[in-house]
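Enquirer: kindly return the folded structure for what I paste below:
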Amino acid sequence: MNRTSSFIPILNIFLFSFFTSFTLFGQAENSVKDTIPVITFDQPFFDLGQLDSGVVATFDMGFKNTGSGALLIEVVTACKCTEIQWPREPIMPGDSGVIQVSFDTRGQPLGKIKKTIDIIANTDPIVIEAEMRCELVERGD
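Expert: Prediction:
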């Protein structure tokens, strides 16, 4: 047997392994993507309307897991003028949840205000942004 004929079976094994690994890794990657949760909010943004300066406004951000994997929210954060409560348990596909936000208007400037609320979860992308809007007016005592 010459060197070329002994090389061909090795080359065939190498090529088979090479292409099989791409197929398997591609399937694994697709199966991971197929189980990604998706946060879909009830509203594109949360409008609190006009608020008197100095009040604490509390509102609920309703959402649904429209993905195919369990949603795990690690943390929800915004500015220091907010206090936020979120579900700590997994939200299964098709289930809904609520993020409760308390917005303290003390020290905020009068006029239109937009605040971004960041939800860090096992989603893609990992950070989902929600927006809260209001118009802060002079308190009418």
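
Enquirer: can you give me the helices in the protein?
Expert: Under the criterion DSSP state H, the chain contains helices at 3-33.

Enquirer: tell me where the model's unsure across it.
Expert: 1-34, 141 (pLDDT under 70).

Enquirer: according to the record, where do the domains of it fall?
Expert: Per automatic domain parsing, the structural domains of the chain span 1-34, 39-137.

Enquirer: let me see the contact set for the closest residue to residue 56 other than its chain neighbours.
Expert: With Cβ to Cβ, 6 or more residues apart in numbering as the criterion, residue 56 has its nearest non-adjacent residue at 4.9 Å, and that residue is residue 104. Quick note: C-beta positions are derived from backbone N, CA and C, even for glycine. By Cβ atoms under 8 Å, 6 or more residues apart in numbering, residue 104 lies in contact with 56, 81-83.

Enquirer: just the buried residues out of the residues you listed, in PyMOL syntax.
Expert: This is the PyMOL syntax for the buried subset of these, where burial follows 16 or more other Cβ atoms under 10 Å:
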select buried, resi 82
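
Enquirer: strands - which of the contacts of residue 104 land there?
Expert: Judged by DSSP state E, the contacts of residue 104 include 56, 82-83 as members of strands.

Enquirer: can you show me the strands along this structure?
Expert: 39-41, 46-52, 56-65, 73-77, 82-85, 96-104, 111-121, 127-137.

Enquirer: out of the ones in strands among the contacts of residue 104, who's nearest residue 135?
Expert: When the ones in strands among the contacts of residue 104 are compared for distance to residue 135 (Cβ to Cβ), residue 56 wins out at 16.2 Å.

Enquirer: check contacts around residue 65.
Expert: Neighbours of residue 65 in contact, by Cβ under 8 Å, 6+ apart: 37-40, 71, 91-97.

Enquirer: how close does the closest residue to residue 61 other than its chain neighbours get to residue 137?
Expert: Among residues not flanking residue 61 along the chain, residue 99 sits closest, at 4.3 Å (Cβ to Cβ, 6+ apart). Distance, residue 99 to residue 137, using Cβ to Cβ, to the nearest Å: 26 Å.

Enquirer: who's more crowded, those two?
Expert: residue 99 (21 against 13; other Cβ atoms under 10 Å).
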